[in-house]
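Participant: Here is my input, please return the structure:
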Amino acid sequence: MKRTKKIIFYILIWFSIIGIPVFAFGIINTMVSQKYETDNLSKCISKVTGQDLCFTIQMLKVFIVACIATIILLMFFRRRFFCIH
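Facilitator: Numbering: from 1, shown residues only. This next block holds a predicted model:
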């Protein structure tokens, strides 16, 4: 049981750490799409896919904040994962 908690802890930490640059790259990629697939930067709907690019950027920002919050919470509650008294 103790080992399973450690494995879960490290998997969550690594997914959160890896998620931050992946989602940041997604923001940059979406901003490039916004530049070339819309008439100007103030418009958000892609002419190619019809997707709301501003919403995508907002969601990626939320995912980055969620990853950071997960890392902070895991560090705060790491004693429960490792059963340190």
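Participant: all helices for this protein, in order.
Facilitator: Counting by DSSP state H, one finds helices in the chain at the ranges 2-37, 53-76, 78-82.
Participant: list the buried ones in the second one?
Facilitator: What that stands for is helix 53-76. Neighbour-count burial for helix 53-76 flags 53, 56-57, 60, 63-64, 67, 70-71, 74 (criterion: 16 or more other C-beta atoms under 10 Å). (C-beta placed from N, C-alpha, C; glycine too.)
Participant: and which of these is nearest to residue 3?
Facilitator: residue 74 (16.9 Å; C-beta to C-beta).
Participant: Let me see the contact set for that closest one.
Facilitator: 9, 12-13, 16, 81 (C-beta atoms under 8 Å, 6 or more residues apart in numbering).
Participant: list the buried ones in the lowest-mean-pLDDT helix or strand in the chain?
Facilitator: Least confident helix or strand, the chain: helix 78-82 with a mean of 76, by mean pLDDT, DSSP states H and E. By 16+ other C-beta under 10 Å, the buried positions in helix 78-82 come out as residue 81.
Participant: tell me what it is packed against?
Facilitator: Identification of packing neighbours for helix 78-82 by 3 or more C-beta pairs under 8 Å, 6 or more residues apart in numbering; DSSP states H and E yields helix 2-37.
Participant: quick check: angle from the helix it packs on to helix 53-76?
Facilitator: Inter-element angle recorded for helix 2-37 and helix 53-76: 160 degrees (by axes from the mean of the first three to the mean of the last three C-alpha atoms, to 10 degrees).
Participant: Give the other helices and strands that helix 2-37 contacts.
Facilitator: helix 53-76, helix 78-82.
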